[in-house]
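J.: Got a sequence here, can you build the structure:
(2 chains)
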Amino acid sequence: MAGSNGVNLNESKRVVPLNTWVLISNFKLAYNLLRRPDGTFNRHLAEFLDRKVPANANPVDGVFSFDVIIDRGTGLLTRIYRLADAQESQPNIVDLEKPVNSEVVPVIIFFHGGSFAHSSSNSAIYDTLCRRLVGLCKAVVVSVNYRRAPEYRYPCAYDDGWTALKWVSSRTWLQSKKDSKVNIYLAGDSSGGNIVHHVASRAVESGIDVLGNILLNPMFGGQERTESEKRLDGKYFVTLQDRDWYWRAFLPEREDRDHPACNPFGPKGKSLEGMKFPKSLVVVAGLDLVHDRQLAYAEGLKKAGQDVKLLYLEQATIGFYLLPNNNHFHAVMDEISEFVSPNC
Amino acid sequence: MKRDHQETIGKKAESSSSSVDTGKGKSWFEDDQDAGGGMDELLAVLGYKIKSSDMADVAQKLEQLEMVLGSEDGISHLASDTVHYNPSDLSGWVQSMLSECNNLPSTDLDSSFLLSSNRDSLLGQPPAITSLDFSSNSHSKVFTDDSEYDLRAIPGVAAFPQQEFDRSNDRKRMKLTPIGSNIAPAPSANSLQSPTASSTSSSSPQAMAVSGTLSEPTRPIVLIDSQETGVRLVHTLLACAKETQEENLELADALVKRIGLLAASQTGAMRKVATYFAEALARRIYKISPQDYRLDSSCLDTLEMHFYETCPYLKFAHFTANQAILEAFANASRVHVIDFGLKQGMQWPALIQALALRPGGPPAFRLTGIGPPQPDNTDALQQVGWKLAQLARTIGVEFEFRGFVANSLADLDAEMLGLLPPEVEAVAVNSVFELHRLLGRPGGIDKVLGCIKAMRPKIVTVVEQEANHNSPVFLDRFTEALHYYSSLFDSLEGSGLTPRSQDLLMSELYLGRHICNVVACEGADRVERHETLAQWRTRLDSAGFDPVHLGSNAFKQASMLLALFAGGDGYRVEENNGCLMLGWHTRPLIATSAWQLAAGDSQQ
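T.: As a prediction, this is how the structure comes out:
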């Protein structure tokens, strides 16, 4: 079940490049050490093991970053990534929040993954990914360092996402010249994808405009075991046991996996029919054991009459977007760039 | 798997590695490239240093580990009973865990490592014998996580408050109430020592460090939701600095005045920082030299004591350095610490306490404290030494103290210190915020590093500010310092103390003096020449030192320390290639590193 027999290990090795396999296996190993059977989490070891990078106001490959505490009460931090002007080699502190100077500048609010418990905005894997998005989409990226489980359960992560959305939408320096509005997209992978959905839902109800949602391998679940969950359990880095652990760590104490946070279109879910929900790009990896859930999510959007583009990558595993060494990676980057482009 | 698209990120990593050559000597990048097989560039960007040629081997080890860790028991053991080191060296990390698994449950005393459970040792089971292998080709070392002792011994107020001490002659045992009145009583042994202690055997302390993907220095900036006036204030400060640099003094003067006005409309940290920087600029413009930095050393010590109380930076420095020293001293029966800046000796009660509680009994402990001459000719060093001696006596540690007065560390020679041979006495050299002061004096740092080597230390602990305040370009220095001290002041604001408390005010004055020195002084007077960990690494590496890694136990205890002592939870500990950094949110502010003589250098 936990992938401890030889066949399972070889299988995952066949479908990803070796360095990707090493990277994700390393995470798997580390994460196994961090989750305790009693539901607590070894946060100190987690922070020790996580590879982090500082923000850097010196542009690297044309992108610079800086951190902002947007809520002193909760200490909520976001890391903001921007394109450096061609002329300036070292943006000054006063240039950091200089108004964006294009007709249309997408602002992508990014929620990192980690199953609600792992990683941070300054984790190297996510810093790298966000930098790519800036160059790819000519966007400003705002990566939200939301509070994590199990110390902070539902709805903390969503609340932080909402705080970030409000903050971003009220920054005059992020307004596109064309319409003096902030052109906001929400993006996230794994738990970040889940957060995207819930923040977007709240935005709809509150009248803040979100132009699009990007969900990469979003983390959804349900009480019932789906076919893919049963078939792929333990085969490609992920087990049902660990998925269950993370949901128990995030959801309110006595709730099960049909809680709408976990299963938004499930028995306790709510239909989005008739609501002005943003268009969605849903990327699903065929070798992700919860892909049935992700496909069902896309289906649920469609049934509610929402605009959804599904990108199903049959041979992709979790984390394929962390390294630019496979075709899935490039396919997804192209899709994202198009999705966010003003010509769409 | 096809790899059609070559990512340009590979090129970036390549170019950064080739431009690391600082001309100061070998860099670890060059070293690793020469070692046959470059690093996997994609993983390097993500913080992992693995040679491409090792990838298959690492993969195999991961598989092996997976098979061995089939049971939950295996995992929980690795999670709770071992100390991890330097996760960037993935190969070493995995190997050390494998070794640990393969050696369960042996207790081979002859081998270079031994396992023990934390709980067992606390419950009075036979103490574990720890052994540290400092040879550069060892693959693992294990350390029992005696975390609880270190934390209890840290002074929250001075461990030997003056009044209590003068009356203590007839007291048989000095009660250590290390955790001060404003903090909750020390947690019980069990609760500190929760079953989640992280520890594993380590990889060898080789000079494998991931320098990050950048060769140029990074500029980490953390803004606190800046408002309009904040930006204008900063803009004016920078403009003033620029005009000062260019000697447009009339304009600079006008700008300084404007800063004052803008600062008055600000609140909190920003106002204070701006005020200090404005004052420093004014001094620079009008060429008013600040009071002699050295004459004021005792005054500075007092301010530093307040700074010690207000925020965790100094405690973190002492704590992490002590951790490294303790590990290095694990088997020694005679130990000698050379403290490059004794001051009030705040670092040492905790170490003495930890040594007293060492399984197998304490070593004989010798402390050599170095300090500047006092303006009133009092022997400040001896006073501190005497207090420490009293403490050591009451807790049963054989103690000897010697003070050395020196204007500069560069005036020292190893022969003066009366060191015993390494076989007899293990030596630790401890420098907390002292090395940077040597950078203003040509040849100063080289002389001191050479002197350290001549001491043949088992370990050298270095704590420094994580900032480059030593750029020859004034404006660069000014800008760096502005960001740095803004974060520092902000952390003081967030420290939960009511505003305008005595401690807070003194702490601000303490930092204000540093700001003044960085901005208004030049030449030999400018002693606050902070440089970054990356710069210190290069320097120490060139001088013939190898890193000794601080592990997950030190990390965890340091994190717990922050929770105990700091009011705000913006403080963060970060691991950086075997070093530990303390920062405010994501901005690292101080860095602790540990060093040993490079293999082959020990004869010098």
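J.: Compute the first-to-last residue distance for stretch A:176-191.
T.: Terminal residues of stretch A:176-191 lie 29 Å apart, using Cα to Cα, to the nearest Å.
J.: Residue B:489 against residue B:510, yeah?
T.: No. Between residue B:489 and residue B:510 there is no contact under Cβ atoms under 8 Å: 11.3 Å. Quick note: C-beta positions are derived from backbone N, CA and C, even for glycine.
J.: what about those two, which has more around it?
T.: When residue B:489 and residue B:510 are compared on other Cβ atoms under 10 Å in any protein chain shown, the one with more neighbours turns out to be residue B:489, at 24 against 20.
J.: Spell out the secondary structure type for that one.
T.: Following DSSP: H, G, I helix; E, B strand; the rest coil, the label given to residue B:489 is helix.
J.: nearest residue to it other than its sequence neighbours?
T.: Excluding its sequence neighbours, the residue lying closest to residue B:489 (Cβ to Cβ, 6 or more residues apart in numbering or on different chains) is residue B:269, at 4.0 Å.
J.: Residue B:515: which element?
T.: For residue B:515, the element it lies in under DSSP states H and E is helix B:502-520.
J.: So which elements touch that helix?
T.: Using 3 or more Cβ pairs under 8 Å, 6 or more residues apart in numbering or on different chains; DSSP states H and E, the elements in contact with helix B:502-520 are helix B:268-286, helix B:297-310, helix B:474-493.
J.: would you turn those into a markdown table with mean pLDDT?
T.: As requested, these are exported to a markdown table (pLDDT from 0 to 100):
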| stretch | mean pLDDT |
| --- | --- |
| helix B:268-286 | 92 |
| helix B:297-310 | 82 |
| helix B:474-493 | 92 |
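J.: okay, and for the chain, where does confidence drop off?
T.: You didn't say which chain, so I picked chain A. Low-confidence segments of chain A (pLDDT under 70): A:1-9, A:88, A:343-344.
J.: wait, chain B
T.: In the prediction, chain B carries residues with pLDDT under 70 at positions B:1-37, B:71-74, B:104-216, B:225-229, B:290-297, B:495-500, B:565-568, B:601-604.
J.: Of all the residues in it, which one is nearest chain A?
T.: residue B:47 (2.7 Å; Cβ to the nearest Cβ).
J.: tell me, how many neighbours does the closest residue in space to that residue that isn't next to it in sequence end up with?
T.: Leaving aside its sequence neighbours, residue B:47 sits nearest to residue A:51 (Cβ to Cβ, 6+ apart; 2.7 Å). Neighbourhood size, residue A:51 [other Cβ under 10 Å]: 22.
J.: returning to that earlier point: which residues sit against the helix holding residue B:515?
T.: Residues from elsewhere that reach helix B:502-520, judged by Cβ atoms under 8 Å, 6 or more residues apart in numbering or on different chains: B:272-273, B:276-277, B:279-281, B:283-284, B:288-290, B:293, B:296, B:300, B:302-307, B:309-311, B:469, B:477-478, B:481, B:485, B:488-489, B:492, B:495, B:497, B:525-528, B:530.
J.: Check stretch A:232-245 too.
T.: Counting by Cβ under 8 Å, 6+ apart, A:1-3, A:8, A:11-12, A:15, A:24-25, A:27-28, A:31-32, A:35, A:39, A:115, A:221, A:225, A:229, A:257, A:287-291, A:317-319 sit against stretch A:232-245.
J.: Show me the strands in the stretch 1-150 of chain A, by range?
T.: Using DSSP state E, counting those that start in this stretch, the strands of the stretch 1-150 of chain A run over residues A:63-71, A:76-83, A:106-111, A:140-144.
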